[in-house]
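*Asks:* Sequence plus the predicted model coming up.
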Amino acid sequence: MGVIEHEIGHALGLWHEQSRPDALGYVTIERDFILPSYISDFLQRDDEIDTLGIPYDLGSVMHYGSTAFSVDQKSKTVVTRDSLFQQTIGQREKLSFYDVATINTAYCKDECKAEKTKCENGGYMRPSKCAECLCPDGLGGDKCEKNEDSKNAECGGILELSDDWKTIESPNYPDPGYEADQKCSWLMKAPKGKRVEIEFIEDFSFLCTSTCVDFVELKISDDLRNTGFRFCCYDKPEISFVSQIETAIVIFRSQLSTDIGFKIQVRSTDSEPRTTIAPTIITTTMAPVTVDTPNVWADWGEWSMCSRTCGGCGIRSRVRSCRSKKCEGRRQEFGTCNLKACPVDKHCAKLLSNNRLCNGKVCTKNDIAISSCDAPQCCPPFVNVDGMCQSDQENQHDELWLSI
């Protein structure tokens, strides 16, 4: 459905999100790895796009994914500046809240001008029925004052937080685990003047895809309307997060598979906001030198840690500095890493025994085939070859470099 909505969005005047004038503040476009005939889809349109005051949305259905139109279907063409958003971009489930807001602003801006309906938490009056509120994802109720109703599961709620930890978890965590086509959301409120601290605990496992399809999402910025970080695969986030304001939202969504899911603990805190992983800072005692000869580069620095432990979804990077007045070439390199296939799903036996088995592959109730679970897994477009994740194209190196 999201693909159809993407194309209808174009018909209504929406551009690709990465073409917005402000896109380079959120993503890096790796032109060297884009199929030449599709370069124009990645260019920023400074004089053609009116953003209508709507913020950039990495969860927009109009945003390309990590390897969109890649020359080898493996090299990343879009790299998020905040690495925690890398598996958020490219979703094709549905229009995001800001996608809908953009269309309503363009076509229905004054429909509710005389009405006085009060919507909370970033919601706004529905243009076709001004007495109702359109709510950000994860929120519901008449005025967007509560969490969104759950789907196919008994989960979610409103949590009034204190200094003591409380726990929430995905449906049927950890065993038998969540099912396909479920959704839950939790609205968490800290006392005035405090923030929400979130920490993942115990087992963590979701269907692993380059764009998260089954995921847990954290909306912890000061804008609850925008899409948050989406986590999937098998790597439990090891840091704790602290929201920017006294309210935060956690969303669980499964579309295709069955797996363990997540468990987190939450509490109120006086700590400063901590919404992303702190960047690795490389220091040196070498004095800076500038020479007249062009293209004098320092040696490459150390590689950063890989963002994923397995499956081929990970990214690592390294940088070098220019030692002359002007340099041509790459200042930063990105590489794929940890190409070992991820372990077999702990729930494989159950998946293979349920009634969604078709032609040796596990399928959803909608007959959408996903990879067999009885072998180590790789993120698309990689395939498992003797326990290693490889591209299906011939003569590919183990690592491919990106540059900015």
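*Replies:* That came in fine, so what should we check first? Predicted model only: the values in this text are computed from it and were never measured.
*Asks:* which element is the most centrally placed residue in the chain on?
*Replies:* Nearest residue to the geometric centre of the chain (CA atoms, centre = their mean): Thr88, 1.7 Å. Here Thr88 is covered by no helix or strand, with elements defined by DSSP states H and E.
*Asks:* Quick check: closest non-adjacent residue to it.
*Replies:* Arg230 (4.4 Å; CB to CB, 6 or more residues apart in numbering). Any C-beta I mention is one placed from the backbone N, CA and C, and that applies to glycine too.
*Asks:* My read is that the one you found contacts Ile89, right?
*Replies:* No: using CB atoms under 8 Å, Arg230 makes no contact with Ile89, being 9.4 Å away.
*Asks:* Could you name every residue contacting both of these two?
*Replies:* Counting by CB atoms under 8 Å, 6 or more residues apart in numbering, the contacts common to Arg230 and Ile89 are Gly59.
*Asks:* Who are the contact partners of the residue nearest to the centre of the chain?
*Replies:* Contact analysis of Thr88 by CB under 8 Å, 6+ apart lists 58-59, 80, 211-212, 217, 227-230.
*Asks:* Among these, which lie within strands?
*Replies:* 80, 217, 229-230 (DSSP state E).
*Asks:* need these in CSV with distance to Thr269, pLDDT and neighbour count, can you?
*Replies:* What follows is the ones in strands among the contacts of Thr88, written out as CSV (distance: CB to CB, whole Å; pLDDT from 0 to 100; neighbours: other CB atoms under 10 Å):
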residue, distance to Thr269, pLDDT, neighbour count
Thr80, 27, 95, 19
Glu217, 20, 98, 22
Phe229, 18, 96, 26
Arg230, 23, 97, 25
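*Asks:* Quickly name whichever of those is closest to Cys112.
*Replies:* Distance ranking of the ones in strands among the contacts of Thr88 against Cys112, using CB to CB, places Glu217 first at 28.6 Å.
*Asks:* Quick check: beta-bridge partners of the closest one?
*Replies:* Arg230, Ile251 (DSSP bridges).
*Asks:* Pretty sure it sits against Arg253.
*Replies:* Yes: in this structure, Glu217 is within contact of Arg253 by CB under 8 Å, at 7.1 Å.
*Asks:* Ramachandran angles for Ser210?
*Replies:* As for Ser210, its main-chain torsions (degrees, to the nearest 10) stand at phi -70, psi -30.
*Asks:* That one: neighbouring residues, count only.
*Replies:* Counted by other CB atoms under 10 Å, the residues lying close to Ser210 total 23.
*Asks:* re the thing from before, check the spacing between the residue nearest to Thr88 and Ala298 real quick.
*Replies:* Going from Arg230 to Ala298 by CB to CB, to the nearest Å gives 36 Å.
*Asks:* Let's see the pLDDT reported for the residue nearest to the centre of the chain.
*Replies:* On the pLDDT scale, Thr88 is placed at 96.
*Asks:* can you check the one 10 residues further on too?
*Replies:* Tyr98 carries a pLDDT score of 97 in this model.
*Asks:* got it, and the one 10 residues further on?
*Replies:* Reading off the per-residue confidence, Cys108 sits at a pLDDT of 94.
*Asks:* residues near it, how many?
*Replies:* Cys108: 13 neighbours (other CB under 10 Å).
*Asks:* same thing with Asp142?
*Replies:* By the criterion of other CB under 10 Å, Asp142 has 14 neighbours.
*Asks:* my read: it touches Cys133, true?
*Replies:* Yes: Asp142 is within contact range of Cys133, at 6.7 Å (criterion: CB under 8 Å).
*Asks:* how about the helices of the stretch 201-350 of the chain, start to end?
*Replies:* In the stretch 201-350 of the chain, helices defined by DSSP state H, counting those that start in this stretch lie at 348-353, listed in chain order.
*Asks:* All the strands of it, residue numbers only.
*Replies:* Ranges of strands within the stretch 201-350 of the chain are 215-219, 229-231, 241-242, 247-254, 263-269, 314-319, 332-337, based on DSSP state E, counting those that start in this stretch.
*Asks:* Would you mind saying which of the ones you listed lies nearest Ile39?
*Replies:* Closest of those to Ile39 is strand 332-337, at 18.8 Å (criterion: CB to CB).
*Asks:* Buried by neighbour count: which residues of the closest one qualify?
*Replies:* 333-337 (16 or more other CB atoms under 10 Å).
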